[in-house]
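[1] What follows is a predicted protein model with its sequence.
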Amino acid sequence: MKIRVFALCLASIIVALATYVGSAPSSVGSEARVPMSLSAEAIQTAASAAELARLIGVFEARVKEHTDALDYLFLGKLYLQRARSTGDLGSYTQAGAALERSLALYPSDPDALAALARLRYATHDFAAAARVAKTILAADPADITARAILGDASLELGDYGTASDTFSGLATRFPSAAAVNARLARLAFLRGDDDLARDLADRAQNEARDEGTFGVDLAWYAHLRAQLSFDRGDYEAARNEEGEALAVAPDYYVAEAGFARGAAALGRIDDAIAHYERAIAIVPQPEYLAALGDLYTFRGDTTRAARAYDTVEVSASLATLGQRLYDRQFALFYLEHERSLDRALTIAEASLAQRPDAYGYDIYAWALYKTGHYTEAVVASQRALAMGTRDARLHYHAGFIALAGGDLDRARSELGRALAIGPAFDPLLAARARAALALLENMT
Amino acid sequence: MRASRFIEIGVGFAAAAMIAVVATAPLGSRAADHLDAPNLASREDADINDVYVFQAATPGRTAIAVTTSPAAGIIGPIDYATNVRYKINVDRSGDAVEDLAYVLDFSAPSGGSQPYTVTRYTGVNARNLGQGVVLGGGMRGAITSLKDGAIAFAGLRADPFFFDLAAFRHVVLGAANGRTGFCDQPGPSGIDFFAAFNTNAIVIEVPNDSLSSGGGTIGVWATTLDRTTGAMIDQMGRPAINTVFNHTSADKEAFNVTPPSLQPTTGNFRSNVIGTLEALGGYSASAAGAIADILLPDVLTYTVGTKAAGPLNGRAPADDVIDVELGLVTQGAITTDCVGPHTYLSTFPYLGVAH
């Protein structure tokens, strides 16, 4: 009991200290983001974006002129592509409407069902995505598209066994397919095998190029490598790889945000802010807004920080698809900024129920911790780390949760691991972890 | 073979930003839709849509066109592959083995264009692509003059193909997709799924004597090859053969990589043709066999110097090969899909400007 209370006090001191310590000025000047002349890949990306817009117009007109399942299906897929490449959530709604029309005319169409499954997946209804994929597979067990969707949905549902079996099966059949190796890379990362993840992701990008992949699809492979680099603590590589993604698709918002995150980790705060602003201009995701606010906080610009945080609050109150898609982002924002903690717990609990993967357990664990449920937090945190995923934030959470529970040894090792994996995984949190560790080390 | 890409475009997903974004790219099978081989899916830029051979605008010359990259710009890229060789095969001796070939090789794209070379191979070199004669080169998007009176074009054009795919899926494949037949629409036309797409087109035009002296019959087909290994990626002669007659993924994949000269005697191809003709056209086994002997090997047979009449004498862009094939396959029960040609150019490169 005493130790736990002491540990809690320690935690709050650490937070206060770290925030103060963390406000050191830094940053190099901004640098040119993308060369003035477009790469060949970027030219292709722009052409395909224009073609997408054109064909959406064409097929919108066609479905007014005649009623045909195939035209509705193709339109639905065009909307899905638009949602994917621009982040426009309204396109998901439009895709749903088009696919609904298509399926009304042709209910058993495996291609329309596959598109529907992808839509469900993209809008985070993973159980529905898995269900629809299984419907397709019941009629045709050899349907590769459905098999992949089932694997993807299983992964998000925390059913790593099914995901692994599915992806391995696909890999046996398609040993050099970029899309398969990218999935295997993700799985390897979740299982804590960072070297394998990196190798697979590198392979996947080369294969994607060789397969003639273009546009945002191609940029995505560089982004995958960047994410893995960031999680490994290689921030220079992360930034460069996001730069590669942007060289292929200059408006790819996830690469902009990833570039910002890498820049922040390298202490290039101005650069990071500029790139987050750009990402937010395209898609104002809570995670980007929160990160921007944190960077302003880090810099001591409380006005701009407050503005960014307020924007998150406002968007959280909109009853849109965004609430569901960004549920964990909202929860994490509330928890890290000590706002609406009970609401965060409700969100985290619901998110975990609907999607019991490692990260669901992690956000639930953190919400439990912040609302004082330390014992349950320990259990949830352990579930989050069960596969050995080498993610600094998971260990950071585990460290503070252990501290609250009075387990100082574990707190020390988890915080140490967090920083070993990602020494700058978050501009504010890495400093807190460092401060906590310093104090813990002085206590032995 | 014209591919199923129209039904399948790469769609990725964004997960919650807290975890890494996991998107997907087009994977393997398109088996249920446009009926092409699953293993082709990841190489849209090596996917052959159609092959044409027809009289050029100038007398005494012949045009050969090969379109690749379905729905170029959306499903397939606009850039040609640099690790693929695009090959036009010509058989002049009647054995369905190429003794003349034109091969296009593309270099890296830059500034919205791409350089390429055209090489001609003859005799045994047409098969093994050993010694060839470089006829010249050009830039994507522009007409270029080559040696020996040849001209070439490679680049984005309006897809010349026209077809009511949805009605086909109902009528021929039994899909319960809300269509009731060809020509089931309120007006006179069917629904041309391909009306608005673009494609990458390779068009060459040569003097007739380059193909055959004295107005002989040639066989023309296209293949795409892996530049490093030489392995075949896709193949096509006449329209829709693989689509209509081969029903399993395995057969479709195999057909795409079986040289035409071997098609009549290997795999299930001949029996597939016969079976389909018997089922859809009520042909007797012997009649079906006779037709199978025309359709396999799958090459576009063409009498040089004559007006094309696809698919049995070359193929011009405006030829309604679907109507002819429907009539053939159903033994006259169905003779049209009520979808007519697009507009084309009367001069080289003959295919319309990109949409």
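    Yep, it's here. Numbering: from 1, shown residues only, chains lettered A, B, ... in the order given.

[2] so where's chain A shaky on pLDDT?
    The model of chain A has pLDDT under 70 over residues A:1-36, A:319, A:444.

[3] what domains does the record give for it?
    Using automatic domain parsing, the domain ranges for chain A come out as A:1-23+A:300-444, A:174-292.

[4] how about the first one, does it reach chain B?
    Yes: part of domain A:1-23+A:300-444 sits close enough to chain B to count as contact by Cβ under 8 Å from any Cβ of the partner chain, namely A:Leu325, A:Tyr326, A:Asp327, A:Arg328, A:Gln329, A:Leu332, A:Asp357, A:Tyr359, A:Ile363. To be clear about C-beta, it is placed using only N, CA and C from the backbone, and glycine gets the same treatment.

[5] Quick check: phi and psi on A:Pro427?
    The phi/psi pair for A:Pro427 (degrees, to the nearest 10) reads phi -60, psi -40.

[6] Can you select the buried ones among the residues of domain A:1-23+A:300-444 next to chain B for me in PyMOL?
    The buried subset of the residues of domain A:1-23+A:300-444 next to chain B, as determined by 16 or more other Cβ atoms under 10 Å in any protein chain shown, is captured in PyMOL by this line:
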select buried, chain A and resi 325+326+327+328+329+332+357+359+363
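
[7] Among the residues of domain A:1-23+A:300-444 next to chain B, which one sits closest to B:Phe168?
    A:Leu325 (38.2 Å; Cβ to Cβ).

[8] ok, back up a step: show me which pair in the residues of domain A:1-23+A:300-444 next to chain B is furthest apart.
    The most widely separated members of these, counting by Cβ to Cβ, are A:Tyr326 and A:Asp357 (16.2 Å).

[9] hang on, the earlier thing: could I get the residues of domain A:1-23+A:300-444 next to chain B as TSV with secondary structure?
    Shown next, in TSV, are the residues of domain A:1-23+A:300-444 next to chain B (DSSP: H, G, I helix; E, B strand; the rest coil):
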residue	secondary structure
A:Leu325	helix
A:Tyr326	coil
A:Asp327	helix
A:Arg328	helix
A:Gln329	helix
A:Leu332	helix
A:Asp357	coil
A:Tyr359	helix
A:Ile363	helix
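
[10] rewinding a little: pick the most deeply packed of the domains of chain A.
    Sort the domains of chain A by mean neighbour count, taking mean count of other Cβ atoms under 10 Å in any protein chain shown, and domain A:174-292 sits at the top with a mean of 23.

[11] who's in contact with A:Leu155?
    Counting by Cβ atoms under 8 Å, 6 or more residues apart in numbering or on different chains, A:Leu155 touches A:Ala163, A:Arg183, A:Arg186, A:Leu187, A:Leu190, A:Asp357, B:Val22.

[12] Please flag which of those residues sit within helices.
    Secondary structure assignment by DSSP state H places A:Ala163, A:Arg183, A:Arg186, A:Leu187, A:Leu190 of the contacts of A:Leu155 in helices.

[13] Give me the number of neighbouring residues for the first one.
    The local packing count at A:Ala163 equals 23, with neighbours defined by other Cβ atoms under 10 Å in any protein chain shown.

[14] check contacts around it.
    A:Gly151, A:Asp152, A:Ser154, A:Leu155, A:Leu187.

[15] I'd say the last one and A:Ser164 touch.
    By that I understand A:Leu187. Yes: under the criterion of Cβ atoms under 8 Å, A:Leu187 makes contact with A:Ser164 at 6.0 Å.

[16] CSV for the domains of chain A, including distance to A:Ala114?
    Shown next, in CSV, are those (distance: least, Cβ to Cβ, whole Å):
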stretch, distance to A:Ala114
domain A:1-23+A:300-444, 21
domain A:174-292, 14
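
[17] B:Trp221 is nearest to which of the ones you listed?
    Nearest of those (Cβ to Cβ): domain A:174-292, 21.8 Å.

[18] Look at the closest residue to A:Tyr121 other than its chain neighbours and give its secondary structure.
    Residue nearest to A:Tyr121 in three dimensions, not counting chain neighbours: A:Ala129, with 3.9 Å by Cβ to Cβ, 6 or more residues apart in numbering or on different chains. The three-state label given to A:Ala129 by three-state DSSP is helix.
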